[in-house]
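Chemist: Need a 3D model of the following:
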Amino acid sequence: MSAVDRVKAGQLEHGYAPHSLSPYPSEWSDRDFREAFESLRIPNEMFHHHEHIRLAWIYSRHFPHEQALTRMVQGIRAFAEHHGAASKYHHTITLAWMRLVWHAACQAPPVQDFPAFAAAHPHLFNPRLLEDFYSTARLQSDAARHAWIEPDLRSLP
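Modeler: Down below sits the predicted model:
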């Protein structure tokens with residue numbers, strides 16, 4: 001996230017996207033959703049697993065893989081920090097979900113909207129999906145929180 005976005009975000013009141021949008025992120029366009037996230041205008045209480053998956057899908061569709069990963073990592077870190085929860089950021093979880101979403105987004109036929117993607121890949125909305133790939137001890141380790149750790153139960157796609 002650029003320094004300009006952080007300054008703009010700091011000047012905004014803690015609230016929703018621009019006044020012309022619905023107060024519900026699920027009703028925003030992908031562009032509005034991404035811009036609201038990147039400018040830290042989505043309240044913490046409105047950004048759950050479903051919204052993480054939507055953001056990962058948006059980045060996976062619009063950016064090359066490495067750029068999508070970088071944007072997700074930087075964005076989630078900035079979001080957590082902005083909401084006073086910097087210690088909640090978990091690097092392995094962030095990257096593992098990005099890999100799962102990227103893999104699903106690259107499958108044919110491509111879908112043009114998030115509701116269609118969600119319907120085609122309902123398994124991604126199970127927040128416990130990573131338990132198929134990681135043991136609890138491995139995923140909950142400090143090493144996994146701060147750096148990428150490969151799964152120990154099954155390889156990610």
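
Chemist: which residues touch the closest residue in space to residue 61 that isn't next to it in sequence?
Modeler: Ranked by CB to CB, 6 or more residues apart in numbering and with sequence neighbours excluded, the top spatial neighbour of residue 61 is residue 105, at 6.0 Å. For glycine as for every other residue, the C-beta is placed from the backbone atoms N, C-alpha and C. With contact set as CB atoms under 8 Å, 6 or more residues apart in numbering, residue 105 has these partners: 57, 60, 61, 117.

Chemist: cool, and residue 58?
Modeler: Residue 58 touches 30, 33, 34, 114, counting by CB under 8 Å, 6+ apart.

Chemist: Show me which positions of the host helix or strand of the third one end up buried.
Modeler: Going back to what we said before, that points to residue 34. For residue 34, the element it lies in under DSSP states H and E is helix 30-38. Residues 32, 33, 34, 36, 37, 38 are the ones in helix 30-38 that count as buried (16 or more other CB atoms under 10 Å).

Chemist: If you drop the residues flanking it in sequence, what lies closest to the third one?
Modeler: So the one you mean is residue 34. residue 58 (5.2 Å).

Chemist: quick check, distance from the longest helix seen in the chain to the centre of its chain.
Modeler: Longest helix in the chain by number of residues (criterion: DSSP state H): helix 65-82. Centre-to-centre, helix 65-82 and its host chain are 8 Å apart (CA atoms, centre = their mean, to the nearest Å).

Chemist: cool, and stretch 137-155?
Modeler: That offset, for stretch 137-155, works out to 18 Å (CA atoms, centre = their mean).
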